[in-house]
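**Student:** After the sequence you'll find the predicted model.
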Amino acid sequence: MLTSNLPFPRGGTASDFGLPGVTTSDTWLDKWEGQEFEVDDTRHGTGHKVRLRIVKNDTGAVITPANQLLRFNTNAKDFGRRIAGVSNSKATVCVPIDDEYNYNGTTVVASPQTIPDDDLFYVVIKGPNYVMTDAANVGLAAHDNIVSDGSTGTMHKTKALAGEFSPGTIDAATVAEDTAVLVWVDVNFKTGTTSGVGAIGANVTSVVETGDGAMHKTVLTLTAVSITTTDGSDAPNDAHWGTLPLYTFPEGHILFHGSHAVFPLGLIVAGEGGLTDTADLEFGVGTTARGNDTNFALTTTEHNIVPEQTGVDLVAGISDAIESSVSTARLLSDGSASATTANLNFITSDDADASASDTLTVTGTITIVWTLLGDD
């Protein structure tokens, strides 16, 4: 059960507040290991809660806090309770150390308190927390899912890829190197599947892969993703259109079992260019990317994964309802010669909806359940 009554203050260890001359050991206060506590965010001013977990330093050495990502011991019953060291693999479950260890009030501590071997301290399971960036070539966009660099416990210079474990999402874009930046931590202790997965599109915010070597469930998240839209070359006859590559499946024959797309109320937003504030839009997900075409409807393969949803109405440039669509039939796609790609396609319903190129900013989730049957 979550509680806000911390057994020892943030920024300290259990031995700091024990009896004088206390001696830690492998079993000392072991009943506290893994307990979670929910406290107010007093560091970042977000108004959110921070979920802390008590863990034991089981590295055999002193830990010097540096806003790093830590990995658990994998011995029986130690996972989630004991820390083995800094994260050393992009696929390994990792958690950030509580950033209060690197602060004294509002001041960064030049020489933070160390955490003795066998002592208890806090890591963050959910909520805002600082994590240190890589030492070089950092290029992270806002809301990118972070991943460990795989050796030093800092976050990698680029976002997490399929099959890699992400402990959270970066709050704002950054190119800062060797710098503590704000991350929205949400550790779910699931690494997902790494067998036979595909590759996410460059502008997709995050992906969660579950399943096995036979059945996959791919959940793609778009968070304030901008899609460039283009007016038809023959305006009276050609729809205004935009497309975004979402996911490229492994090469071979792909059987789609089912799919779904949803964009919550108000999260399809037109730019300030050619789209009118009252435009009527249509969207779908298909194996073909939309291009200039002489029609005001998506063609068969432009919405054969997620069927076309019509009547996406904008009011003051913002979608006025929850917009969703779900597949009703299975689909077999031959990606043996060239791998199949899922593309999110948008068009306008008629010529009056747009007059020049523009953008759509979208936030939503696309879920696809699929199987790779074989190649060639």
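**Tutor:** Alright, I've got the coordinates.
**Student:** Quick one: low-confidence residue ranges for this structure.
**Tutor:** Applying pLDDT under 70 to the chain flags the ranges 1-4, 18-21, 104-110, 162-163, 190-195, 212-213.
**Student:** ranges for the strands of the stretch 101-250 of the chain?
**Tutor:** Taking DSSP state E, counting those that start in this stretch as the test, the strands found in the stretch 101-250 of the chain are 103-104, 107-108, 120-132, 168-170, 180-186, 199-200, 206-211, 216-230, 241-248.
**Student:** from those strands, which stretch is densest packed?
**Tutor:** strand 120-132 (a mean of 24; mean count of other C-beta atoms under 10 Å). Just so you know, the C-beta spots here come from the backbone N, C-alpha and C atoms, and that holds for glycine as well.
**Student:** Using CSV, list the CA coordinates for it.
**Tutor:** C-alpha atoms of strand 120-132 as CSV (Å, rounded to 0.1, in the frame of the first residue of the first chain):
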residue,chain,number,x,y,z
LEU,A,120,18.8,1.5,1.9
PHE,A,121,17.9,4.4,-0.3
TYR,A,122,15.2,5.7,-2.7
VAL,A,123,14.7,5.2,-6.5
VAL,A,124,11.8,6.7,-8.5
ILE,A,125,9.2,4.5,-10.0
LYS,A,126,6.8,7.1,-11.3
GLY,A,127,6.8,10.9,-11.6
PRO,A,128,9.1,13.8,-12.5
ASN,A,129,12.8,13.2,-11.8
TYR,A,130,16.2,14.3,-13.2
VAL,A,131,18.3,11.9,-15.3
MET,A,132,21.8,12.6,-16.7
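**Student:** Correct me if wrong: Gly198 contacts Glu251.
**Tutor:** No. Gly198 is beyond contact range of Glu251, at 9.5 Å (criterion: C-beta atoms under 8 Å).
**Student:** wait, Leu70 sits on Val93?
**Tutor:** No. Judged on C-beta under 8 Å, Leu70 makes no contact with Val93 at a distance of 10.0 Å.
**Student:** So between the two, which is more surrounded?
**Tutor:** A direct count of neighbours by other C-beta atoms under 10 Å for Leu70 and Val93 places Leu70 higher, at 23 against 20.
**Student:** right, and the secondary structure at that one would be what?
**Tutor:** Secondary structure, DSSP: H, G, I helix; E, B strand; the rest coil: Leu70 is strand.
**Student:** looking at the sheet around it, what are its partners?
**Tutor:** For Leu70, the beta-bridge partners are Val86, Val95 (DSSP bridges).
**Student:** Not counting its neighbours along the chain, what's nearest His48?
**Tutor:** Excluding its sequence neighbours, the residue lying closest to His48 (C-beta to C-beta, 6 or more residues apart in numbering) is Asp41, at 5.1 Å.
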